[in-house]
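can't give you the sequence, but here's the structure:
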């Protein structure tokens, strides 16, 4: 049967569900009715939907770290520290990379090695292996809303266990957790997996428990032009809404140019409302998340603070609902809890100081917004055409055709023909538009922007420019000028 | 004889000079002709005027720390570290507080105690006590331009020794190094002292050595409205120009609201050009310096990095020629060299990343600029009236009358009737305008801005609001909202 | 009850006036009679003011790092001037550089000060201590 | 001179593709024949690729912190597969958390790798080492 963008029949869902819960022994711990009752007891200040709604109303930007270690008590200690010392408004549980690939045996080995070595040998919390009760222990030990953050193509069992475990937010999507996180998994497969996750969240919703869903905005985190990540975020949002999800946070990763980044956050919400209305999903709560710079960081911690703070400034001025925070250890791998808290505190200081400030509409901002909107509409409308009205089929064909194309993605199901590079002001443009369905106006806009930079630098825009841009922030600059 | 704004006769200067050089034994080391010859050997990359001119042309923002310790070798080590590890573009020599009060005996005791204790017991470098040769040793040990930074009402001997010692920039002025730095010294006296300093710099200029002069912009560093510090900076600039100074950097201390701060840096230069042209000083090189937040800092270092980085962002977007950098130890007193370098590196990362970005003209920016210009013109024009065309007499009478009035100043010669407070967006406004020569339009503008905040907070604007604003950045916010 | 009298000032060559003005305001609001000798006050000025006003406490601020030099011998001189019963508080950025505050506090307590405050202390803290040390009930 | 052959890949469950693509480009530009097995490569895939292409060196990247687990026994397996003469380089964010790199390097050298690179190493560094170790003259 061809996969379609249609809300799953409950019987069909339950039939699949039986298999899912058998993927690892802890699946047996999940009882949906009991889980719903448990979720209903979680107070509003520990629920993502409520805390996000209030922040959006007040025009505040919330801060959230990434964090996760192998063992339960150590994980709780880490999150407590980020809550109390780091002043995090929202808490994560980052899942380890073995769990992300459903390698639960490997994750088990990691848990055991971690116990033996006395330090975490996993880069996150293996929630499936630990099971429902352990998740609840984490949730109950903390006083902030908790979200699952991962990068899992098939996160069905992870969702079952963590939602039953009391998490109130679940990151990911069939595109954003496939293309940047997998090599060999087809889009069709992950769209199917994520229909399951969204249907599960929709089921909780029907039973009176509103869980937030967050498509992963930054994708490969490397010079992704806003229109690419916006198209993906909005498409994933629409797929989720079809399965009954009513609460969505759409994401975007900082590019570094203030005007482009503000335009991106503003258009992300405006375009989402436009398409959600068009498709009739008019009762969803839409919020935005801004990711501080996801590319290479300077090794020096003071310089890293500069990068982090610039992200915080942009998030605050763009009025993103929340900001995902980096740490001064970013260039060195997984941070200590102190470094993690330090990134949070620097960010908190900035977003608080800028709470009452914003960016006015200017000619450049309006042009930037208009271009992003044109590009996103071009992509999504072509996806609809390709799917003859069906988004799922459209997305599958769009990736085959390169109508959606993510730069630097590991997936074989991504065409990989586009190339981004910065323009002379540091905004991310297209050096190669590949098969993106852009008209001449859009293409000429990008060409002109890159030609302008090329002229200043006295070189033709080329792959060397792209490489220079990838390393430039780590070396202290935004635009990778020739040496 | 009444003090006037008139270029000193050389004989008169030399007559005073004889006394000045006798104030401390090291004065005898100064030989002007030999000093000019020495200065002429200093290469362009170590001269303030050249490095500033190039940065201004390229639209770059240079970074400069504050730093100074009691002993020569330790001072050199400190500056070397800030040059090499901190990547400072410009170097300071901060003078200790005893020297600032011409208490050379006390400074000598500080030098000796420092030798005995093995740590600096002075908060700066006692350049007068160390003498000309020691200054040259400092200059020769480093590869960046060096500036004297202090806070000395009577800096005549300090200027003689440090300029002969090879420094190419000298901070201060008869207002900006009196009102915030002294309690009992009359304006007339300090204007006299600084005419001497400026005449000395003018003399170097005539002999072919261009020294930069920098009035101290931030004054008391505590919620000083831009128009107050602009009026002082421009007046001091005009006084310096009259004595033959051709190279000036005008300063401003960050208030924290982006639009106001950008407007301030832009108007500082625009107004200076306006008045310099009006007075016929048309051949001066004018640049700007932006001081990162001079008020209370958070004790937490990560939060301090947030404050520092926000200052760096503003400096870069405002296109200030240089930025004076704070450190993550700011709340704790004088920083270690590592903390000082850390502040520099965070700032460097930010100004470099924002090198190719700027702020567009917007309605709010233009209003902000227009209001600053109206206020500054009102003050300076009244100063001219009071002095019947003579700036020196005008300034003296203006302080008596409160036509110039600096908030929170220790000086008895400052009326102290004005009070600043933040508006609802964090811009610094006048809660009390005292005797400032502002018309109804200006007063109503400020009243309306503060009334708006009062309404949001449900309280009348009052001194409590001022106190809340003074402590707010240290507590993590810009606007001191009621608890 | 009669108001207690405090002598307030910034010692040495220190010109930091902001905290001084805020402290004056906050201490007055809290019900004290405040004799503010302002910035750049010498040891003698503190002592003379305390004698003249029959003060109950002397509050010494130092923000610029020279506090250790400026305060040397001050409690001793107070005693010699017959101010045995006067409370001596000191606070601010007392030393050059980042040092362990407990060490700094110890040095100043040994010098003879009764209370020593770290950088960033809010007026409320000193007010609460004053009320306690002077036996004032809220 | 014939081009030297390199097997390039990101080991384990690691999907960091950017550095891999840049390395492929830079190594190719530097004159090597690059066999890029991409991200999420198992030890076996590295070894098979090296045998099939008669490789001179294997370059293992790991960016996600699991490198220590993923690389366990790899040099040993290479030997067992007869790849005694093949150079083994490894680099990236090899361990979880901030650890002293010298310690990390020591552990990987003891495991049998010939060169170990810290986070943030530029392609030029590895290229220079490869030329040296493979006796290629510039």
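Nice, thanks for sending it over. Not measured: the values here are computed from a predicted model.

pretty sure residue C:34 sits in a strand.
Yes. According to DSSP: H, G, I helix; E, B strand; the rest coil, residue C:34 belongs to a strand.

that one: neighbour count?
Residue crowding around residue C:34 was assessed by other C-beta atoms under 10 Å in any protein chain shown; the count is 19. Where C-beta positions appear, they are placed from N, C-alpha and C, glycine not excepted.

for it, list each beta-bridge partner.
Using DSSP bridges, the bridge partners assigned to residue C:34 are residue C:6.

residue contacts, it?
C:5-6, C:8, C:24, C:27-28 (C-beta atoms under 8 Å, 6 or more residues apart in numbering or on different chains).

go again using 7 Å as the cut-off
C:6, C:8, C:24, C:27-28 (C-beta atoms under 7 Å, 6 or more residues apart in numbering or on different chains).

list the contacts of the host helix or strand of residue A:15.
Using DSSP states H and E, residue A:15 maps to helix A:10-20. Contact with helix A:10-20 is made by A:27, A:156-157, A:160, A:196, A:199, as judged by C-beta under 7 Å, 6+ apart.

just want the residue of chain C that's nearest chain D.
residue C:98 (22.9 Å; C-beta to the nearest C-beta).

so what's that residue up against?
By C-beta under 7 Å, 6+ apart, the residues touching residue C:98 are B:329, B:332-333, B:335-336.

return the member of those residues nearest to residue A:5.
residue B:329 (56.7 Å; C-beta to C-beta).

hang on, the earlier thing: let me see the backbone angles for the residue of chain C closest to chain D.
When read as degrees, to the nearest 10, the backbone of residue C:98 gives phi -80, psi 110.

wait, residue A:72 touches residue A:139, no?
No. If you go by C-beta atoms under 7 Å, residue A:72 and residue A:139 don't touch, sitting 11.7 Å apart.

the two: which has the busier surroundings?
Neighbour comparison, residue A:72 and residue A:139: the larger count goes to residue A:139, with 24 against 20 (by other C-beta under 10 Å).

so how far is chain D from the more buried one?
Distance, residue A:139 to chain D, using C-beta to the nearest C-beta, to the nearest Å: 24 Å.

secondary structure class for the closest residue to that residue other than its chain neighbours?
Sequence neighbours aside, residue A:166 is the residue nearest to residue A:139 in space, at 3.6 Å (criterion: C-beta to C-beta, 6 or more residues apart in numbering or on different chains). Classification of residue A:166 using three-state DSSP returns coil.

so for residue A:166, what's the pLDDT?
Looking at residue A:166, its pLDDT is 98.

hang on, it packs against residue A:42?
Yes. Using C-beta under 7 Å, residue A:166 is in contact with residue A:42, at 6.0 Å.

compare these two (neighbour count), which wins?
residue A:166 (21 against 18).

ramachandran angles for the residue positioned nearest the centre of chain C?
Centroid check for chain C by C-alpha atoms, centre = their mean gives residue C:59 as the closest residue, at 1.8 Å. Backbone torsions of residue C:59, given as degrees, to the nearest 10, read phi -110, psi 110.

surely residue A:152 is in contact with residue A:177?
Yes. At 5.8 Å, residue A:152 counts as touching residue A:177 under the criterion of C-beta under 7 Å.

ok, back up a step: which neighbours do residue A:166 and residue A:42 share?
With C-beta under 7 Å, 6+ apart as the test, residue A:166 and residue A:42 reach no residue in common.

any low-confidence regions in chain C?
For chain C, the stretches with pLDDT under 70 are C:1, C:138.

and whichever residue of it sits closest to chain A, its phi and psi?
Chain C approaches chain A most closely through residue C:120 (14.8 Å), counting by C-beta to the nearest C-beta. When read as degrees, to the nearest 10, the backbone of residue C:120 gives phi 80, psi 10.

if I pick it, what's in contact with it?
Contacts of residue C:120 by C-beta under 7 Å, 6+ apart are B:299, B:331, B:474.

filter those residues down to the buried ones, ChimeraX style.
Per 16 or more other C-beta atoms under 10 Å in any protein chain shown, the buried members of these correspond to this ChimeraX selection:
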select /B:299,331,474
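
so which one among the contacts of residue C:120 has the lowest pLDDT?
residue B:331 (85).

wait, it sits on residue C:119?
Yes. In terms of C-beta under 7 Å, residue B:331 counts as a neighbour of residue C:119; the distance is 5.7 Å.

pLDDT, distance to chain C and neighbour count added to the contacts of residue C:98, as CSV?
Listed next are the contacts of residue C:98 as CSV, based on pLDDT from 0 to 100; distance: C-beta to the nearest C-beta, whole Å; neighbours: other C-beta atoms under 10 Å in any protein chain shown:
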residue, pLDDT, distance to chain C, neighbour count
B:329, 93, 5, 22
B:332, 80, 5, 23
B:333, 73, 3, 23
B:335, 89, 7, 22
B:336, 92, 6, 16
